[in-house]
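Engineer: starting from these lines, generate the structure:
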Amino acid sequence: VLRCSSGGCRLWTHYDAMDNALIQLHGEKRVLLFPPSVAAGLYLDGSSSPIVGPEVDGEGIPYAWPKQFPAYKAARQAAIEVILQPGDVLFIPALWAHHTEALHGPSIAVNVFWRELRKDQYPSKDLYGNADPICATEALVLCQAAAQ
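Structural biologist: Predicted coordinates for the structure are as follows:
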């Protein structure tokens, strides 16, 4: 996946179901990596977090996350912050949530994803590796039904 953006562009906090490498070609990119152990503090809906934009750093008006997402503070403290320079490669393990922000000016990067399961085990319309494997989605539905 080729990723081109202007400075200040942020990608929402999300996780991918596949391991991937983020290769920075031009410009700088800031990446926050959240270990799976803090997933509850990201208030994930599917693979995405509603905590987006400047709020990932506790900025923005209104500064909502302390009230709406109180567990996010611990998740943010556990995040690993990396600044990628041209030529840097960052390995992002499957299920590690991450948030990216292009810094200063134009940013060009490439993502390369690795499938661990057979192709038919992933949703056919999942172009970016964000959707959970089919068996994981089915297991979650069964667990939710059993809990009710």
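Engineer: ends of stretch 36-48, what's the gap?
Structural biologist: Start-to-end span of stretch 36-48 (C-alpha to C-alpha, to the nearest Å) is 13 Å.
Engineer: how close does residue 48 sit to residue 94?
Structural biologist: Residue 48 is 15 Å from residue 94, where distance means C-beta to C-beta, to the nearest Å. From N, CA and C alone the C-beta is placed, and that goes for glycine too.
Engineer: what strands line up against the helix or strand harbouring residue 20, and which way round?
Structural biologist: Using DSSP states H and E, residue 20 maps to strand 19-34. According to DSSP bridges, strand 19-34 forms sheet pairs with strand 80-84 (antiparallel), strand 89-92 (antiparallel), strand 97-114 (antiparallel).
Engineer: out of these, which is the most enclosed?
Structural biologist: Greatest average neighbour count among those goes to strand 97-114 (a mean of 18), per mean count of other C-beta atoms under 10 Å.
Engineer: check which residues of whatever helix or strand comes next after it are buried.
Structural biologist: Sequence order places helix 134-147 as the next helix or strand after strand 97-114, per DSSP H and E. For helix 134-147, a neighbour-count test (16 or more other C-beta atoms under 10 Å) marks nothing as buried.
Engineer: please renumber the chain so that the first residue is 8 from this point on.
Structural biologist: Got it, the first residue is 8 from now on, which makes the last one we talked about helix 141-154.
Engineer: convert the C-alpha atoms of helix 141-154 to CSV, please.
Structural biologist: Output in CSV follows, covering the C-alpha atoms of helix 141-154 (Å, rounded to 0.1, in the frame of the first residue of the first chain):
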residue,chain,number,x,y,z
ILE,A,141,-13.2,-14.9,9.4
CYS,A,142,-12.8,-17.6,12.2
ALA,A,143,-12.0,-14.9,14.8
THR,A,144,-15.1,-12.9,13.9
GLU,A,145,-17.2,-16.0,14.1
ALA,A,146,-15.7,-16.9,17.5
LEU,A,147,-16.5,-13.4,18.8
VAL,A,148,-20.1,-13.6,17.7
LEU,A,149,-20.4,-17.0,19.5
CYS,A,150,-18.9,-15.6,22.6
GLN,A,151,-21.2,-12.6,22.6
ALA,A,152,-24.2,-14.8,22.2
ALA,A,153,-23.1,-17.1,25.0
ALA,A,154,-22.6,-14.2,27.3
